[in-house]
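In: Return a 3D structure for these sequence lines:
(6 chains)
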Protein chains: 6
Amino acid sequence: MPSIHLHLMEGYSPDDKTRLMQAVTNAVRFVVPAQPDAITVFLNEVPPDNYARGGTQRRPAPALKDPAKIVMDFLQAMQDRDLEAAQSLLAPSFSMTFPGTGDMKTLAELIAWAKPRYRFVTKTYEGVEAFQQGDHAVVYTRGTLSGEWPDGAAFSGIRFIDRFEVADNLITRQDVWNDIAEIKSST
Amino acid sequence: MPSIHLHLMEGYSPDDKTRLMQAVTNAVRFVVPAQPDAITVFLNEVPPDNYARGGTQRRPAPALKDPAKIVMDFLQAMQDRDLEAAQSLLAPSFSMTFPGTGDMKTLAELIAWAKPRYRFVTKTYEGVEAFQQGDHAVVYTRGTLSGEWPDGAAFSGIRFIDRFEVADNLITRQDVWNDIAEIKSST
Amino acid sequence: MPSIHLHLMEGYSPDDKTRLMQAVTNAVRFVVPAQPDAITVFLNEVPPDNYARGGTQRRPAPALKDPAKIVMDFLQAMQDRDLEAAQSLLAPSFSMTFPGTGDMKTLAELIAWAKPRYRFVTKTYEGVEAFQQGDHAVVYTRGTLSGEWPDGAAFSGIRFIDRFEVADNLITRQDVWNDIAEIKSST
Amino acid sequence: MPSIHLHLMEGYSPDDKTRLMQAVTNAVRFVVPAQPDAITVFLNEVPPDNYARGGTQRRPAPALKDPAKIVMDFLQAMQDRDLEAAQSLLAPSFSMTFPGTGDMKTLAELIAWAKPRYRFVTKTYEGVEAFQQGDHAVVYTRGTLSGEWPDGAAFSGIRFIDRFEVADNLITRQDVWNDIAEIKSST
Amino acid sequence: MPSIHLHLMEGYSPDDKTRLMQAVTNAVRFVVPAQPDAITVFLNEVPPDNYARGGTQRRPAPALKDPAKIVMDFLQAMQDRDLEAAQSLLAPSFSMTFPGTGDMKTLAELIAWAKPRYRFVTKTYEGVEAFQQGDHAVVYTRGTLSGEWPDGAAFSGIRFIDRFEVADNLITRQDVWNDIAEIKSST
Amino acid sequence: MPSIHLHLMEGYSPDDKTRLMQAVTNAVRFVVPAQPDAITVFLNEVPPDNYARGGTQRRPAPALKDPAKIVMDFLQAMQDRDLEAAQSLLAPSFSMTFPGTGDMKTLAELIAWAKPRYRFVTKTYEGVEAFQQGDHAVVYTRGTLSGEWPDGAAFSGIRFIDRFEVADNLITRQDVWNDIAEIKSST
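Out: Numbers count the residues shown, from 1 in each chain, chains lettered A, B, ... in the order given. Below you'll find the predicted structure:
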């Protein structure tokens, strides 16, 4: 039965509003065991002329991009070997960790690391989850990997999970876990 | 600058309220790039006498437990080998996947699987994240494993991530990824 | 999906609130074809210290009594021949019309009118409806009459409807229609 | 002093809004003895993009028609002997009761019943009242009848009251009381 | 942290809204020691169709003019010796007091009083303050006077303060204090 | 017809609330020409547990004291020659200007200045006005002075006005104008 009234400056797109209302609905359901149909969210968009903070009128900032989309664009660019596009989605402070690596700072390091491991890899997604955690969004993608070993043999169905942090519309961190070593060691 | 007014029936604990307001604040920040200090949440608790749905007054349901706490209690019970306590936190439909396993339904299966892999394992947590996703909460815990191999040799610093689903205060699913095979294969 | 927030001074009883929320829910359903479960009413009771009109704090007036109850008490008192109790529920301006009468001002007139018509009459209620109409409430009661004709013969199942106006907790008007003449003329 | 804020999806006509705000004002006055000028109603119309229930956006349903208008249209059609128009306003489950009849299901039954009673009848209205009662609206019309007896003699000033139930914009029930038998028996 | 939601009929200009939100912000800061940035004001403009008082829809009255502007226009007109323009800003009941005068009702009296005191005077403003006080606004202007004594000698830097009352967009009262006598007596 | 809902943390005294609601009512009337009775203010006091800013719960700060009372206490202390009490109400940065003085920083300077001017002076107040202006409150007191000249002759009815600035419950500035020189020079 919770009723949520969210007052914000006008200027958000229908997609922004949908994402916002779904995130707020999930936030309420995190604590309140209400049936979904009993949770109503109202967005009250206020024209800038009708809002003041400290007696001063303000302009709204544009909405944040969907971090799940940023991450999926990055993963697609990597799969397409479009390093320029991938790089454009990374923050200057970006770092990443893959199984067996320490912190890597550049996509070049990643490619060098991958070379002896597989010829190529394709991801099949079973789940993409995104949520805010203080100053950054977190995006999880999980599913299975398929591709070819360095010797050309095919593999598939290897579980993986990636964790990303996104701030100010750029990826700041990637952490990867998967069963590649488990599968290799068992063959 | 968003101002959120959340009307709900009274009866939530201070901890419930804190979790609720933080979840809602995160939900707003997921889309609106406002400074944290500009996001205000007001809980308006309504006595049951003062609320009607369809003209009928209702009683509030108790808040959902913190799913992160449920998961941490489960993990502690497993580490303590208190299988009864661990089992009490699992839904009848519970299933889990670990590296190299298919779906397992019972803790006994898990223990049989772990036996040839390590004598024991202790988790050091670097992050616990919980959020709602429709009908269930998702909890991620990640960090490093330390323990002893079957031959008694010690290991430590092995990365892991666990994903849990929690519904109606019970764990319905666990998925585990880690670098154990990666580390073993490289030694 | 309408959500109604009703701000009023505190001091109403649980029964008053129930009546108020049901009346408001009905008012909304009069125009909006929402499912009942989608209509939520929140009463926000404000302590007198927290409310000002024209900069001046006010004290709440006591709730109006349920006009349906006032009418049923009056009808019961009449059936019990407790004229004093009945009279105490009538406004000084009270008037009434029964089949074949003009305006009557006193219960004595009514009793004189009824005398040649029946020895006594008892009401079985099929419906009581009450609603506000500007400055007064209207109450309708309808059902069937049973009793004895002046010659002692019994009758029953004769349809009736009464209309009352209630203002300031007193009945100001009663209008009565029934099938007594219809039944008599057909026997 | 009550202040009512009614949040609903946009798409209602000025007439719908007037009816809605008057119904809500009456609902409040049913319980709260505030001066009319102290009761304020605000409709907050929400664009469909700005509303979610259970995290899902919805489309508004069209407003219900004014049930008093439906009833008056029906009564006019009956007086004009436009049975097709009258029939179009009746629900399949329609039934009616007139003095001395049981339940009648068709307008043809009604006409047959009326034939021996009067040549024609015209209604002068003193009051029309409409309100919601759970799943249906109730409409009362009352006033006086004039017309001609079967022998051609004129009559007038005979009190009547009609009660209608209206659901989903169709009349489901009519109940009629009047003083025709009373007047006839006294002549 | 106060959040103020002000519901009013639409039809106010951006300037009106700015004045209104600043006045409300100041009103809150008069009592609540919140940081300015923590005080948010939302204007919810309601179309006339969406507002009813006592069940009756209303039309909004035009905003009051800025009383500080009315006063400054009056003072400018006086300095320009445009008595017609100045007079048009005065209410019929206008009265004024200057140092050493009793109540004066007309601008002609004022000019006669000023003649032996200075040839002309120009105001330099250090502060203009306007606020509402029940049925009228109060405007204070203060600063320094410069001009010429009757003998043609120049003066400057003489402190003054004027107090005005403004009601219904017209000045009803002016009271003036200054150091002219103090300065003269000390020379 | 404006309806103002002011949400703030609980913990304010009845007097604080009265001052707050009157200040807000005046603020609205500064721009909106509504009848006083049509302006309603609702204070919604939120327990600290039910409010978060940036996801963090806060404690309310105590209300600011009534600056008019601070000023009147200061003026009374000065009249009573209780310099310690008067001093305790002044901010370290306090400064004041009286007719013919420049900026004075200490009460001792003021007393020295007053000595040749009058033996003592008593104030009769005709008006006290207080309002907020950004970071400080402004208080105006005006009326007439009576007392004795240095030669013991009595005077009375001399107009004065004082302007004070108050911040953080301390007086930061006093400016005084009066007709003493005007009266003296005309005697």
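In: pLDDT of the lengthiest helix in chain A, averaged?
Out: Among the elements of type helix in chain A, defined by DSSP state H, the one spanning the most residues is helix A:14-29. Confidence for helix A:14-29, expressed as mean pLDDT, is 95.
In: And for stretch A:116-127?
Out: The predicted confidence, averaged over stretch A:116-127, sits at 94.
In: Equivalent analysis for stretch A:72-85, please.
Out: For stretch A:72-85, the per-residue pLDDT averages 96.
In: before we move on, what about stretch A:36-43?
Out: Taken as a whole, stretch A:36-43 has an average pLDDT of 91.
In: Between helix B:14-29 and the longest helix of chain A, find me the angle.
Out: 170 degrees (axes from the mean of the first three to the mean of the last three CA atoms, to 10 degrees).
In: List the buried residues in helix A:14-29.
Out: Within helix A:14-29, the residues that count as buried by 16 or more other CB atoms under 10 Å in any protein chain shown are A:16-29. All C-beta atoms are positioned from the backbone trio N, CA, C, and that covers glycine.
In: contacting residues around the residue lying farthest from the centre of chain A?
Out: Going by CA atoms, centre = their mean, the residue of chain A most distant from its centre is A:Gly55, 36.9 Å out. For A:Gly55, the contacting residues are E:Met21, E:Gln22, E:Thr25, E:Asn26, E:Pro36, E:Ile39, E:Val41, F:Gly134, by CB atoms under 8 Å, 6 or more residues apart in numbering or on different chains.
In: what's the answer for A:Gln57, then?
Out: A:Gln57 makes contact with A:Pro48, A:Asp49, A:Tyr51, E:Thr18, E:Met21 under the criterion CB under 8 Å, 6+ apart.
In: would CSV of those residues with distance to C:Arg119 be doable?
Out: Listed next are the contacts of A:Gln57 as CSV, based on distance: CB to CB, whole Å:
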residue, distance to C:Arg119
A:Pro48, 78
A:Asp49, 76
A:Tyr51, 74
E:Thr18, 78
E:Met21, 74
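In: which among the residues you listed gets closest to chain B?
Out: Looking at the contacts of A:Gln57 and their distance to chain B, the nearest is A:Tyr51, at 6.7 Å (CB to the nearest CB).
In: Give me the number of neighbouring residues for that closest one.
Out: Counted by other CB atoms under 10 Å in any protein chain shown, the residues lying close to A:Tyr51 total 24.
In: That one against E:Leu43, yeah?
Out: Yes - under the criterion of CB atoms under 8 Å, A:Tyr51 makes contact with E:Leu43 at 7.3 Å.
In: okay, and the common contacts of these two?
Out: When contacts are counted by CB under 8 Å, 6+ apart, A:Tyr51 and E:Leu43 have E:Met21 as shared neighbours.
In: What is the burial count for A:Thr144?
Out: Other residues within reach of A:Thr144, judged by other CB under 10 Å, total 17.
In: Doesn't it lie inside a strand?
Out: Yes - assigned with DSSP: H, G, I helix; E, B strand; the rest coil, A:Thr144 falls within a strand.
In: quick one, what contacts A:Arg159?
Out: Under the criterion of CB under 8 Å, 6+ apart, the contact partners of A:Arg159 comprise A:Arg142, A:Gly143, A:Thr144, A:Leu145, A:Asn178, A:Asp179, B:Thr97, B:Pro99, B:Asp175, B:Trp177.
In: Bridged to the second one, which residues?
Out: It refers to A:Gly143. Note on A:Gly143: beta-bridge partners by DSSP bridges are A:Tyr125, A:Phe160.
In: okay, now it: neighbour count?
Out: The number of residues packed around A:Gly143, counting by other CB under 10 Å, is 16.
In: Compute the distance between it and chain E, please.
Out: For A:Gly143, the distance to chain E equals 43 Å [CB to the nearest CB, to the nearest Å].
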